[in-house]
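Student: A structural model of the following input is requested.
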Amino acid sequence: MKYYVRLQKSSENLHALGYCHNDFNCNSIMLDNDSNIHITNFKSTRKRTFFASDIENFGRIMTELSPGELPEIYGNLAHKCRDDLDRPTAIELYKAFKIWCKCMDGNCKELSNYGIDIKRQFDKAGKEF
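Tutor: Below you'll find the model as predicted:
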């Protein structure tokens, strides 16, 4: 899950500069020896103000990189990324991943029942995200 936070932050930074990757997929993500995420393959990158394709592709990446059973909240967000009418922004994705990481680390007390439910869903899935 922490890689998703880093990946989404990189995507958010690209969008903040006014660019859309346009071909965001598993082949355009690299992990270096220090576990830093790098987005590559910028040949399709364009200056834009509409970033729906990057968010949609991020939802596909979430599904492709997730083995086995998915927590309901995770599957719902991946699906939402591909929904033309209810697609989250890069900032909303980043915030969701940050909350999830915090809850998975057991630091969700201030989020009360919502945070406890998130932790329960990821624990039930039994996968390392």
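Student: isn't N57 up against F24?
Tutor: Yes. With contacts counted by Cβ atoms under 8 Å, N57 reaches F24, the gap being 3.8 Å. Yep, even glycine has a C-beta here, placed from its N, CA and C like the rest.
Student: with neighbour numbers in mind, choose between the two.
Tutor: Legend: neighbour count by other Cβ atoms under 10 Å for N57 and F24, higher for F24 (25 against 20).
Student: which residues touch the more buried one?
Tutor: Taking Cβ atoms under 8 Å, 6 or more residues apart in numbering as the definition of contact, the neighbours of F24 are 11, 39, 53-54, 57-58, 61.
Student: that one falls within a helix, correct?
Tutor: No. Note on F24: no helix contains this position according to DSSP: H, G, I helix; E, B strand; the rest coil, which reports coil.
Student: number of residues surrounding the residue lying closest to K124 once chain neighbours are set aside?
Tutor: Distance criterion Cβ to Cβ, 6 or more residues apart in numbering; nearest residue to K124, sequence neighbours excluded, is P71 at 7.0 Å. With neighbours defined by other Cβ under 10 Å, the count for P71 comes to 23.
Student: packing partners for the worst-scoring helix or strand of the chain on mean pLDDT?
Tutor: Considering only helices and strands, the least confidently modelled element of the chain by mean pLDDT, DSSP states H and E is strand 46-47, at a mean of 76. With contacts defined as 3 or more Cβ pairs under 8 Å, 6 or more residues apart in numbering; DSSP states H and E, the secondary structure elements packing on strand 46-47 are strand 19-20.
Student: show the average pLDDT along the strand it packs on.
Tutor: Looking at strand 19-20 alone, the average pLDDT works out to 86.
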